[in-house]
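Novice: Sequence and predicted structure, then a few things I'm wondering about:
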Amino acid sequence: MHEHEHEHTHSHDGAEHTHTHDHDHSTAHAHTHDGEHVHSHGHSHTHTETKNVLNRLSRAIGHLTATRGMYERGRDCAEVLTQLAAVRSAIDGVCKIILKDHLDHCLVDAVETGDMETLTELNRAIEMLLK
């Protein structure tokens, strides 16, 4: 088992908060210090956009938390819906980055090595994204 921490920052009611979370994983993970993330689950691959993705996810989480606060305070529904659309757009942007990174690295490796499990997983993930 591999244990590691993830730290993220988000805004809530105008103040930034930083949290650190401990995670246990039953699959092997290796982390490099240059922002790349390598892990194995049938295949190994390198994520070149890890820092970018984590930063964007943290911002989306902060934005969603702030939007929840708006709704709790009874803000106009149109304003809340506009903010939710912005959060959705931010999440869609993260999905595009992860998918591109996966296609550029993981998929190429899977095709070269004949890793059909990875290709099947990618198809399932794309189907879920397109629903």
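Specialist: Structure received.

Novice: In this structure, which helix is the longest?
Specialist: Ordering each helix of the chain by length in residues (DSSP state H) puts helix 77-101 first.

Novice: Show me the contact partners of that helix.
Specialist: 47-49, 52-53, 56-57, 59-60, 63-64, 66-67, 70-71, 125-126, 129 (CB atoms under 8 Å, 6 or more residues apart in numbering). Any C-beta I mention is one placed from the backbone N, CA and C, and that applies to glycine too.

Novice: Filter these down to the buried ones.
Specialist: Buried residues within the contacts of helix 77-101, counting neighbours by 16 or more other CB atoms under 10 Å: 47-49, 53, 56-57, 59-60, 63-64, 66-67, 70.

Novice: what's the closest of those residues to residue 116?
Specialist: residue 47 (21.4 Å; CB to CB).

Novice: Bridged to that closest one, which residues?
Specialist: Per DSSP bridges, the residues bridged to residue 47 are residue 37.

Novice: how far away is it from residue 101?
Specialist: 6 Å (CB to CB, to the nearest Å).

Novice: Now for those two: what residues contact both?
Specialist: Common neighbours of residue 47 and residue 101 (CB under 8 Å, 6+ apart) are residue 53.

Novice: ok so, going back, show me the contacts of helix 77-101 that map onto strands.
Specialist: The strands, defined by DSSP state E, take in residue 47 from those.

Novice: want to throw the buried ones among the contacts of helix 77-101 into CSV with pLDDT and distance to residue 88?
Specialist: Converted to CSV, the buried ones among the contacts of helix 77-101 look like this (pLDDT from 0 to 100; distance: CB to CB, whole Å):
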residue, pLDDT, distance to residue 88
47, 79, 23
48, 86, 25
49, 91, 20
53, 96, 17
56, 97, 13
57, 97, 14
59, 97, 13
60, 97, 9
63, 97, 10
64, 98, 10
66, 97, 15
67, 98, 11
70, 98, 15
